[in-house]
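K.L.:
Turn this into a structure:
(4 chains)
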Number of protein chains: 4
Amino acid sequence: MLSFESDYIEGAHEKILQRLVETNREQLSGYGADHYCESAKTKIREACCCPQAQIFFLTGGTQTNMLVIHTMLKPYEGVVAAETGHVSLHEAGAIEAHGHKVIQLPQVQGKLCADDLRKYLEQFMQDENHEHMVYPGLVYISHPTEYGTLYSKAELEALSGICREYQIPLYMDGARLGYALVSPGTDVTLPVIADLCDVFYIGGTKVGALCGEAVVFTKNNMPPCFLTMVKQQGALLAKGRLLGIQFDTLFTDDLYVRISRHAIEMALLLKKGFRQKGCTFYLDSPTNQQFIILENAEAERLKEHVVLSFWEKTDETHAVYRFATSWATQKEDVEALLELF
Amino acid sequence: MLSFESDYIEGAHEKILQRLVETNREQLSGYGADHYCESAKTKIREACCCPQAQIFFLTGGTQTNMLVIHTMLKPYEGVVAAETGHVSLHEAGAIEAHGHKVIQLPQVQGKLCADDLRKYLEQFMQDENHEHMVYPGLVYISHPTEYGTLYSKAELEALSGICREYQIPLYMDGARLGYALVSPGTDVTLPVIADLCDVFYIGGTKVGALCGEAVVFTKNNMPPCFLTMVKQQGALLAKGRLLGIQFDTLFTDDLYVRISRHAIEMALLLKKGFRQKGCTFYLDSPTNQQFIILENAEAERLKEHVVLSFWEKTDETHAVYRFATSWATQKEDVEALLELF
Amino acid sequence: MLSFESDYIEGAHEKILQRLVETNREQLSGYGADHYCESAKTKIREACCCPQAQIFFLTGGTQTNMLVIHTMLKPYEGVVAAETGHVSLHEAGAIEAHGHKVIQLPQVQGKLCADDLRKYLEQFMQDENHEHMVYPGLVYISHPTEYGTLYSKAELEALSGICREYQIPLYMDGARLGYALVSPGTDVTLPVIADLCDVFYIGGTKVGALCGEAVVFTKNNMPPCFLTMVKQQGALLAKGRLLGIQFDTLFTDDLYVRISRHAIEMALLLKKGFRQKGCTFYLDSPTNQQFIILENAEAERLKEHVVLSFWEKTDETHAVYRFATSWATQKEDVEALLELF
Amino acid sequence: MLSFESDYIEGAHEKILQRLVETNREQLSGYGADHYCESAKTKIREACCCPQAQIFFLTGGTQTNMLVIHTMLKPYEGVVAAETGHVSLHEAGAIEAHGHKVIQLPQVQGKLCADDLRKYLEQFMQDENHEHMVYPGLVYISHPTEYGTLYSKAELEALSGICREYQIPLYMDGARLGYALVSPGTDVTLPVIADLCDVFYIGGTKVGALCGEAVVFTKNNMPPCFLTMVKQQGALLAKGRLLGIQFDTLFTDDLYVRISRHAIEMALLLKKGFRQKGCTFYLDSPTNQQFIILENAEAERLKEHVVLSFWEKTDETHAVYRFATSWATQKEDVEALLELF
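P.N.:
Numbering: from 1, shown residues only, chains lettered A, B, ... in the order given. Take a look at the predicted model:
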């Protein structure tokens, strides 16, 4: 059975497992106070050209979004996000459970537009009743978005500019950041992100790690007592080494970039194949998630051979399906999948 | 200076003040355990034809919405509301601050439509990922709505029917309920509401009380230890008599209905006058809030003579303004206002 | 039936009711933006000799404690209180429900001792694991305490000094503050409190108001967007005038002090009578709450004639009972009560 | 440098790493829906003789405590714990941050006594004001306790009996459960725990796993939508396999028991050595944590050779230090440590 269900169906890149084995008996202090965490942070700072970056390792994306948003907002503030943002829809209300509204704005291909953001902020500031409303305290974007699309550098600059004008931090969810960085044609690099965003995270879980995300505060703006709040939310691993060793490995010899590139090569192969087979694309994604529209019967037939991921109904007889590649995707599997069409 | 700013610019109906004075030195137990609270509850049960109703007195609308929603929802549930609902926009994030998402659906003239509700619920149930989403746990409507409009009995029946089909309680925010009950042509009575809704509140603050709202649980469904949770949220008055005496008075000799009727008479007079003056209505409201569109210069001119309430911009040169009547509105003031146009 | 059940069994001082009646038809803006609120604030600033004081009116004690503590603490902080403090025991977990631990220290006659506070803070700071613990972010005291006892000025200075040394604000719960200020022998005045505390509240509910507490931030330290957070917690009255008029009246012509003095006179009469009757005092209270130990059968006999307030069991055959006087206590009732012993 | 700092200074048991490597390229569904998680659950059910057990894998102890307590309590309830319980002191206020009070009772050698529990519950139920207090909704114990001590079966039966009498679930924190199960002389087995407790967890992080705890609901009482609430708290791993494979390995061929036994053998060797050297024990611990009192200068001298864990000051010149063994402790290290005394 083939599977393109997601980019987290395999374990970890073998280099990571190897390092876990090699370092296993080293006796290290807990809670992230070990030299592998330190080393990983140093390497990430370098990769971001951001020597002042403050970095913290967490285990998953929802956890990271919740912690960043919760610790950066005041109680009377909410987070602004596209209505299709992961925090808006697919985190089981994690943001609200920690006290904050997700202020949902329209999306275009999964992206938040600078114009919509500016219009919302202008209206909020002008509203005579805004003392009775939720204040915007953070702007959330994902890159790649939930639909695999990417912001251009110019789009990020526009969003960042508005955020600075209104003194609202900009936060980027990088659950699949590796796949964005190596997408052909992108002009958004890690240093660009570190420059334009106030905080972002570098996703590990979906880019070769067993688990783990690296939160990067770029403006010397990590909230005070962040570790205590991580502990308070049950998110502090006793064996912090598990995260430190993984990120140290991913940021050694460009591993993070190299394995991301493989995923994109596989995605482009898949995309080209879909196009040749005459498939209908839901939208044009330049990253590792490809969305195509299938007729229901066709989907049923495919499911006998491949695990695929239902996305949403388009009408009574059609639906969108997602095909995800990753660092672990085999070229033979892509070819076998295309044979099925 | 005239004022049509809101329906809470005066104190309380004089009969209420009189009863507060008359009963002032009676020694009564605290926290709502006094005979005035009991008497008020009995009268409300009768007015609702709902002998099993469980009633609790609170001080304000946001407090009531927050407490009802917070105590009726499980941690993984959210409340469904129109995007213009008071809980969606104008309660400073009270629902989210207590852990729950407001799931916003489209509105038509401030109302939640049965079709939109059904479509949302069907999609939610079908979504393969709904374990990662917020479950709908309550449906919120306001009557009158934030735009003064009313549900018909048939519309309420449709909403109530869907809620029962999906086993989700229906909650009505009745901050201005009196003004709905006496609106000409409505077929929605207190007993109808008690029948179709699982919980609702009868607004006092905006209908003649100094403060106070009466929450009515109609299906023997008051959450266990409700009083303790009211206390926990800082909403339990030591001198519960303040609320009991007010509601006892409002529900004696139909006072609540009689003073509401006056407000509607004044609103209809105002509406008729606006129509004669050729004003542009934002929508057709049958209750005590009238919304008209004014040209900016016109609005500035009026503000020299009358306090009015800015609602929202319609374009660069026009905006919506609200004119509210109440139990306390003087006919001379309505006439004087109309003279200004 | 006599009643010494509490100091909130009657309505409000008649002067307050009179002012509510006189001002009833004045049209005023909502949410505390009226001139009575302004006037009351001015008078309180004067009474405190604290021209920079920022004042906000709320409706009850638990609500006030919750809001002050919640808005002054960061998420990783808790409030330090005596184990008998109101916030520790009798607020249904309001502080925890809003995310914060009550760090309980020992009490002596209901009071927090400077030595215990210092010892706790020293240990906390020395603890190598304190990043995994709740940080002390506020110190809570009540004056009078829950047992009617009072801090001396020297005791307050000691607590305040430690708080400043550790940069932790000091908060005084003044639910019954009036009865403290006029207690014979006290050297703690409103200006002393405003000087030594960072925030405190002047209780109205138990000192002649229908409802209402005045929070005073003394060091230009009201949390930003405080009104929005009050709204978010459901604690913002639409008719803010209800609180403004009451406090304006209480702080006109020393009414607050004069009615407090009456309560203390009645309490001292009661205390003297108890002493003459040979009653066993639980402790020596100089304020309006008197605690005596009664044998169970004796208590049962008394309950036929007087409503009294069970406090706690001392052994199988005895218990502590509280007798509270107030601004409304009648001298005849005190005499009648003493006749029963 | 020797280290007895904690039982989480090494990585994972090699057998676990081996299985992670062997299974690495298997394509598995996310979020715990894989066959390794299923297999691990089956083996745990068997080890507990509890066929109806519902099991969920989480990553850490504080996360597990917070989730179990938060999902099992109603908003008006708190958790009862010994004042030295991990939830009382060392989880950065995680329980309170999620809305619940930790009701602290006295401890004896880290344990909660049945008599203290009964006395508290009796008083609570009798208290006339308990509607204004936090209701006890769960009883928390840890086994081994934070001081390494163990409950006997009779002690657990007594606690369990009281809990059932008052219909309050009993929850056991088993962060180091393996080390309890194999302690010489204990009569508390996994089936005994599954019988007497309503929910407990089997600690992995401190007993050979990289991370991971297995929560076991024993009475068909897992809260509805538990997975959604885990997601909402940011505690749901995308690659659930990481936990499933680890627990599947730990519960294959008794690995969990065998590696725990090694730790206890090392602890007993250490204990015997300390006794021979004339060390002063802080208390008598039968598990992998040994607490001894050291004179300050002695401690300073030792720190040049061994990483040890400061526990608490006993007086100006002495303090308690903890020495922890684990599945990974080397006999040579124990011997080298003893040489230092």
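K.L.:
residues near the residue in the stretch 101-250 of chain A that chain D sits nearest to, how many?
P.N.:
Closest to chain D within the stretch 101-250 of chain A is A:G234: 3.0 Å, counting by C-beta to the nearest C-beta. From N, CA and C alone the C-beta is placed, and that goes for glycine too. Using other C-beta atoms under 10 Å in any protein chain shown, A:G234 is surrounded by 26 other residues.
K.L.:
Secondary structure element for the nearest residue to it once chain neighbours are set aside, which one?
P.N.:
Distances taken as C-beta to C-beta, 6 or more residues apart in numbering or on different chains place D:Q63 nearest to A:G234, at 3.0 Å, with adjacent residues excluded. Using DSSP states H and E, the element containing D:Q63 is helix D:61-72.
K.L.:
Residues in contact with that helix: which ones?
P.N.:
If you take C-beta atoms under 8 Å, 6 or more residues apart in numbering or on different chains as the criterion, helix D:61-72 is touched by A:231, A:233-236, A:238, B:75, D:58, D:79, D:86-87, D:91-92, D:94-95, D:97-100, D:137-138, D:140, D:169, D:171, D:173, D:175, D:199, D:201, D:203, D:205-206, D:213, D:215, D:223, D:226, D:229-230, D:233, D:235.
K.L.:
Can you tell me which of the residues you listed are buried?
P.N.:
A:231, A:233-236, A:238, B:75, D:58, D:79, D:86-87, D:91-92, D:94-95, D:97-100, D:137-138, D:140, D:169, D:171, D:173, D:175, D:199, D:201, D:203, D:205-206, D:213, D:215, D:223, D:226, D:229-230, D:233, D:235 (16 or more other C-beta atoms under 10 Å in any protein chain shown).
K.L.:
Which residues does stretch A:108-116 contact?
P.N.:
Taking C-beta under 8 Å, 6+ apart as the rule, stretch A:108-116 contacts A:80-82, A:84-85, A:105-106, A:139, A:141-142, A:145-149, A:151, A:155, A:158-159, A:161-162, A:283.
K.L.:
For A:F274, what are phi and psi?
P.N.:
phi -60, psi -40 (degrees, to the nearest 10).
K.L.:
one step back: give me the number of neighbouring residues for the residue nearest to A:G234.
P.N.:
Count around D:Q63 with other C-beta under 10 Å applied: 26.
K.L.:
Mean pLDDT per helix and strand in chain A: which one sits at the bottom?
P.N.:
Taking mean pLDDT, DSSP states H and E as the measure, chain A has strand A:309-315 as its least confident helix or strand, at a mean of 91.
K.L.:
Go through the buried ones among the contacts of helix D:61-72 and flag which are in helices.
P.N.:
Those of the buried ones among the contacts of helix D:61-72 mapping onto helices are A:K231, D:H86, D:V87, D:A94, D:I95, D:A97, D:F226, D:M229, D:V230, per DSSP state H.
K.L.:
out of the residues you listed, what pair is the most spread apart?
P.N.:
A:K231 and D:F226 (22.4 Å; C-beta to C-beta).
K.L.:
Below-threshold pLDDT in the stretch 1-150 of chain A: ranges please.
P.N.:
Within the stretch 1-150 of chain A, no stretch has pLDDT under 70.
K.L.:
can you give me the helices for it?
P.N.:
A:14-22, A:35-47, A:61-72, A:86-89, A:94-97, A:114-126 (DSSP state H, counting those that start in this stretch).
K.L.:
Let me have the ones you listed in a markdown table, adding distance to D:L338 as columns.
P.N.:
Below are the helices of the stretch 1-150 of chain A laid out as a markdown table (distance: least, C-beta to C-beta, whole Å):
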| stretch | distance to D:L338 |
| --- | --- |
| helix A:14-22 | 30 |
| helix A:35-47 | 28 |
| helix A:61-72 | 42 |
| helix A:86-89 | 54 |
| helix A:94-97 | 49 |
| helix A:114-126 | 65 |
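K.L.:
Flag every residue of the stretch 201-341 of chain A that's near chain D.
P.N.:
Within the stretch 201-341 of chain A, the residues that sit near chain D (C-beta under 8 Å from any C-beta of the partner chain) are A:205-206, A:210-211, A:228-229, A:231-239, A:241-242, A:307, A:328.
K.L.:
Could you rerun that using 6 Å?
P.N.:
A:T205, A:L210, A:C211, A:T228, A:K231, A:Q232, A:G234, A:L237, A:A238, A:K239, A:L242 (C-beta under 6 Å from any C-beta of the partner chain).
K.L.:
Kindly report the same for the stretch 51-200 of chain A.
P.N.:
A:T62, A:Q63, A:M66, A:A92, A:G93, A:A94, A:A97.
K.L.:
Let me know how buried the first one is, in neighbour terms.
P.N.:
Look at A:T62: counted by other C-beta under 10 Å, it has 28 neighbours.
K.L.:
quick one: it from A:K239, how far?
P.N.:
From A:T62 over to A:K239 the distance is 21 Å, taken as C-beta to C-beta, to the nearest Å.
K.L.:
Repeat that for the last one.
P.N.:
To A:K239, A:A97 is 27 Å away according to C-beta to C-beta.
K.L.:
what does the stretch 151-300 of chain A have sitting close to chain C?
P.N.:
Residues of the stretch 151-300 of chain A lying near chain C (C-beta under 6 Å from any C-beta): A:C225, A:L227, A:T228, A:M229, A:K231.
K.L.:
these two touch, right, the third one and D:A92?
P.N.:
Yes: checked against C-beta atoms under 6 Å, the pair A:T228 and D:A92 is within contact range at 4.9 Å.
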